[in-house]
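Asker: need coordinates for the below:
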Amino acid sequence: MTSLQGIIGGEYALRSGEAKDVAQAISEQYQTVPQTKPGLVVALTDRLDSLVGLFAVGLAPTGAKDPFGLRRAAIGIVQPLIEHDAYSDLAEAVKRSAKTQPIDVSEEVQKQILDFLAGRLKVVLNDAGYKYDVVDAVLAEQSASPAASARAVKQLQAWVGREDWSTILPGYARCVRILKTVDDRPQTVDESGFVETEEKNLYAAIQSTVHRPPSTVDEFLEIVVKLIPPINAFFDKVLVMAEDEKIRQNRLALVGQIADLSRGIADLSRLEGF
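Answerer: Numbers count the residues shown, from 1 in each chain. Predicted coordinates:
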């Protein structure tokens, strides 16, 4: 009886002299969200093994067909990690699982698996009521960690709902959009190369505000809010694409320091109104 999956295994384990927490982990492994950490580990290991092995032999779901229940298995990986707020690196987990398979699991197949997991994570977050563009923005940067993604989506949706969001996003977007017009830019800013007061002020604002790379949406956008006035003054008064190459490259590097704040957190260009 499928309703007894795991339960009878847990009973057998107890009667065979296994520790109570071991038996409980066995009994929980088929639950959508195991309640204990050992149960979570057993469930994730089992589902990852199935997902990686079946993708490796070419049995990934196609269209509406999913005879091995891999969509359910993928949901059974991302949802428990969110519910337990557990740190994870699915890219590393897939790589380790691939090494245990009896056949080769190419990097291309591993990428397909990660894309598949990201797709299921997107479904879970959308079903939880989060806006599709907010989910897309976060998953573009951190889909390998479901729990972190869920926290980031919650924070970003709160920011998007703020009354002043219409001034925050455009200010940051000015920094990102101008960089899309260049193929390469220096990473280091030369403070001595500034000419205009506004670029000096923007650099000073960055130096006084950004003490370390932000690690959450809240940290990132709180920095951006403080930088909005000097960002707007800079773009209103300074010609970024100056004819002098050194000046132009230095200004692009300056703007790049702001654009790079979102790295690993969210791709705001995927948001409505960007």
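Asker: residue 98 against residue 51, yeah?
Answerer: No. Assessed by C-beta atoms under 8 Å, residue 98 is found out of contact with residue 51, at 10.5 Å. For every residue, glycine as well, the C-beta is placed using N, CA and C.
Asker: residue 42 versus residue 12, what's the distance?
Answerer: 15 Å (C-beta to C-beta, to the nearest Å).
Asker: between the two, which one's more packed in?
Answerer: Ranked by neighbour count (other C-beta atoms under 10 Å), residue 12 and residue 42 place residue 42 first, with 21 against 13.
Asker: any idea which helix or strand carries the more buried one?
Answerer: For residue 42, the host element (DSSP states H and E) is helix 37-56.
Asker: buried sites along that helix?
Answerer: 38-40, 42-44, 46-48, 50-56 (16 or more other C-beta atoms under 10 Å).
Asker: elements contacting it?
Answerer: If you count contacts as 3 or more C-beta pairs under 8 Å, 6 or more residues apart in numbering; DSSP states H and E, helix 37-56 packs onto helix 20-28, helix 70-83, helix 90-99, helix 107-127.
Asker: give me the distance between residue 162 and residue 156.
Answerer: Distance, residue 162 to residue 156, by C-beta to C-beta: 11 Å.
Asker: hang on, the earlier thing: quick one: mean pLDDT for the helix holding residue 42?
Answerer: Helix 37-56 shows a mean pLDDT of 94.
Asker: tell me how far it lies from the chain's centre.
Answerer: The chain centroid and the centroid of helix 37-56 are separated by 21 Å under C-alpha atoms, centre = their mean, to the nearest Å.
Asker: who's in contact with it?
Answerer: 21-22, 24-31, 34, 60, 68, 70, 73-74, 76-77, 80-81, 84, 86, 93-94, 97-98, 100-101, 103-105, 109-110, 112-113, 116-117 (C-beta atoms under 8 Å, 6 or more residues apart in numbering).
Asker: how about a cut-off of 6 Å?
Answerer: Residues outside helix 37-56 that contact it (C-beta atoms under 6 Å, 6 or more residues apart in numbering): 21, 25, 28-29, 34, 68, 70, 73, 76-77, 80, 84, 93, 97-98, 101, 103, 105, 109, 113.
Asker: before we move on, what about stretch 128-146?
Answerer: Stretch 128-146 has contacts (C-beta under 6 Å, 6+ apart) with 78, 81-82, 88-91, 118, 121-122, 125-126, 148-149, 152-153, 156-157, 264-268, 270-272.
Asker: buried ones from those residues, can you make that a PyMOL selection?
Answerer: In PyMOL syntax, the buried subset of the contacts of stretch 128-146 is picked out as below (16+ other C-beta under 10 Å):
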select buried, resi 78+81+82+88+90+91+118+121+122+125+148+149+152+153+156+157+265+266+267+268+270+271
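Asker: how close does the residue sitting furthest away from the middle of the chain sit to residue 8?
Answerer: Within the chain, the residue lying farthest from the chain centre (C-alpha atoms, centre = their mean) is residue 15, at 43.2 Å. Distance of residue 15 to residue 8, given as C-beta to C-beta: 11 Å.
Asker: quick check, pLDDT for the closest residue to residue 23 other than its chain neighbours.
Answerer: Distances taken as C-beta to C-beta, 6 or more residues apart in numbering place residue 13 nearest to residue 23, at 3.9 Å, with adjacent residues excluded. Here, the pLDDT recorded for residue 13 equals 92.
Asker: what residues of the helix or strand encompassing residue 13 count as buried?
Answerer: Element membership for residue 13, per DSSP H and E: helix 7-15. Using 16+ other C-beta under 10 Å as the test for burial, helix 7-15 gives 9-10, 13-14.
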